[in-house]
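# sequence plus the predicted model coming up.
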Amino acid sequence: MPTGSCYCGNIRIEYTGEPERTAICHCSNCRHYTGSMFSNNYVVPSTQFKVFGEPKEISKIADSGKKIVNCFCGDCGTTMYRWGDGFGGKEGMRIIQPGILDDRSALDNLRPALEMFVEDRVKWISTIEGLAQHEGMPPP
């Protein structure tokens, strides 16, 4: 069972099973909340996901036009996961930021399957060979 935590360790997550989707996203929202050029995402059903601690939430309308909610540690600021209207709402999917996972082999063994919002990719980042390319949010 993969587990993960925020930088200070006050918020922990775990999930069971395999992610239903693995994707890199280049949208402006993902760049802002990660502070990086793109986000890496593992999408798992909320029924297979547990959170320990009380993350804070902030929501906005994403580049997809739908509400997205970022859940983060109020102490250290680490973004842990997201949920949103494009993923079944609060009871739907959880979009985990795999960089928080404790076991590095989870990162090594689960390669993203696609890139989203590729038109927004920073020009000096190359397409990752073998990943499906989508101009926006792909269909579920």
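Yes, it's here. Keep in mind the model is a prediction, meaning the values are calculated, not measured.
# okay, and residue 60 sits in which element?
Following DSSP states H and E, one finds residue 60 within strand 56-61.
# quickly run through the sheet partners of that strand, with directions.
Applying DSSP bridges, strand 56-61 is found paired with strand 67-72 (antiparallel).
# can you list the weak-confidence ranges in this protein?
Filtered on pLDDT under 70, the chain yields the residue ranges 63, 140.
# let's see it at 80
Along the chain, segments meeting pLDDT under 80 span 63-64, 139-140.
# how about the strands in it?
Listed in chain order, the strands of the chain (DSSP state E) span residues 3-5, 12-15, 21-25, 39-45, 49-52, 56-61, 67-72, 79-84, 93-96, 114-116, 132-133.
# mind listing what residue 24 touches?
Neighbouring residues of residue 24 by CB atoms under 8 Å, 6 or more residues apart in numbering: 38, 39, 40, 41, 112, 114, 115, 116, 128, 131. No exception for glycine: its C-beta is placed from N, CA and C like everyone else's.
# can you redo the strands of the chain as JSON lines with distance to residue 124?
Shown next, in JSON lines, are those (distance: least, CB to CB, whole Å):
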{"stretch": "strand 3-5", "distance to residue 124": "29"}
{"stretch": "strand 12-15", "distance to residue 124": "32"}
{"stretch": "strand 21-25", "distance to residue 124": "15"}
{"stretch": "strand 39-45", "distance to residue 124": "17"}
{"stretch": "strand 49-52", "distance to residue 124": "34"}
{"stretch": "strand 56-61", "distance to residue 124": "27"}
{"stretch": "strand 67-72", "distance to residue 124": "26"}
{"stretch": "strand 79-84", "distance to residue 124": "24"}
{"stretch": "strand 93-96", "distance to residue 124": "26"}
{"stretch": "strand 114-116", "distance to residue 124": "15"}
{"stretch": "strand 132-133", "distance to residue 124": "17"}
